[in-house]
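Asker: Provide a 3D model corresponding to the input given below.
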Amino acid sequence: MITMKDYLPLISVIIPIYNVEKYIVRCLSSVIHQTFKGDIECIVVDDCGIDNSFSIAKQFISEYNGNVSFRMIRHEHNRGLSAARNTGTLEATGEYIYYLDSDDELPLNALELMAAQVTSHRNIQIVQGLTYSEPMAYEYELNYFRENQYVNSNEWIRKNYYTLGKRIPVNAVNKLINKDFIFSNNLFFKEGIIHEDTHWMFYVVKYLSSLAFVFEPTYIRYYNDGTIMSTQSIEREAANMKVIVNDWLQHLDEDSYLPQLRMTLINYAKDQVYLTCSQKENDDFIIEIGKILWDRKQYKSYFFLNIWGITRHFRNVKKLLRFSCESIKEK
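Answerer: Coordinates of the predicted model:
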């Protein structure tokens, strides 16, 4: 009989690869050297890059003789990070899924530390680890959650996600995620966009009711020249954020309407200066938000928003839009 203390989940590590020939061996090596004593399935999804990433990964796996079970999948054509993660998720057989970017790596005890929370809290939906970044040191500080290492409250999770300050990290990587939680709530990544993690986490939080934190590093993130996030143009990032915020606007929840609206506005404010939409699109967006604020009796925020709408072409008036966001108050 397997007791709770003995239980170790099968973990599926999903690694999309695209033009990472310099880093893929480092990434795969970090998986095979994990101290975790349970079973690991590693699914490598090739998204049709133009370098030798797939060949290098294939050679590495062919020479490996160990306990990690590898599977390699190739897309017929380049489909993007979201699609690669979705492909891996659909093929995964593990009870828990861990997304790992192919230019990053895992500390040796990462999966062991995260699985310990699953052992302690059976069927937990997500375990969130601490990210260590090179060369920026700790990227997402979690110490302010130390009094809440394990929570089973969607209300608490929403409060600590919609906040404008210290919040639950939005990244899909460095989360050990219950596969049934993903499938039962259709939490797949929106394809064809960047900032897919930002979009995805908005929907995760709608359903997330159990969460644990690991306060030791469980992910090493590298900022490399030529990787996806360092080569995107500001204009493309802004255009994608427009898609994201418009999608969020259509899926606000009645019980979290105002904090979700505030977060939508904050993300719009962040990139508005660079948005590649027409003046009419911007005006229509502001009108739609303004109606919501007025109907919700958010008059102060409505006032700031409209002042911003009139003066937005002048220098530094983006602050007015942020004031509009911050003045939204929950009743």
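Asker: so where do the strands sit in the chain?
Answerer: Under the criterion DSSP state E, strands of the chain are mapped to 11-17, 40-46, 69-74, 96-99, 126-134, 137-138, 150-151, 175-178, 211-222.
Asker: Find the nearest non-adjacent residue to residue 39, please.
Answerer: Excluding its sequence neighbours, the residue lying closest to residue 39 (CB to CB, 6 or more residues apart in numbering) is residue 10, at 4.7 Å. C-betas here are computed from N, CA, C, even on glycine.
Asker: Just give the number of residues close to residue 45.
Answerer: 26 (other CB atoms under 10 Å).
Asker: for it, what are its contacts?
Answerer: 14, 15, 16, 17, 73, 74, 75, 84, 85, 87, 88 (CB atoms under 8 Å, 6 or more residues apart in numbering).
Asker: from these, which would you call buried?
Answerer: 14, 15, 16, 17, 73, 75, 84, 85, 87, 88 (16 or more other CB atoms under 10 Å).
Asker: in the stretch 51-200 of the chain, which ranges drop under the pLDDT threshold?
Answerer: 135-140 (pLDDT under 70).
Asker: Pop the domain breakdown of this protein in here.
Answerer: 11-230, 233-326 (automatic domain parsing).
Asker: Packed most tightly, which of those would that be?
Answerer: domain 11-230 (a mean of 18; mean count of other CB atoms under 10 Å).
Asker: quick one: it to chain centroid distance?
Answerer: Taking CA atoms, centre = their mean, to the nearest Å, the mean C-alpha location of domain 11-230 is offset from the chain mean by 9 Å.
Asker: hmm, back to that, make TSV out of the buried ones among the contacts of residue 45 and add distance to residue 252.
Answerer: Converted to TSV, those look like this (distance: CB to CB, whole Å):
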residue	distance to residue 252
14	30
15	34
16	30
17	36
73	36
75	34
84	29
85	25
87	30
88	30
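Asker: Of the residues you listed, which is the nearest to residue 23?
Answerer: residue 17 (9.3 Å; CB to CB).
Asker: so the closest one bridges to which residues?
Answerer: Beta-bridge pairing of residue 17 under DSSP bridges involves residue 46.
Asker: Contact partners for it?
Answerer: Counted by CB under 8 Å, 6+ apart, residue 17 has contacts 24, 44, 45, 46, 47, 49, 53, 54, 57, 84, 102.
Asker: again, only using 10 Å
Answerer: Residues near residue 17 by CB atoms under 10 Å, 6 or more residues apart in numbering: 23-24, 27-28, 44-49, 51, 53-54, 56-57, 72, 74, 84, 101-103.
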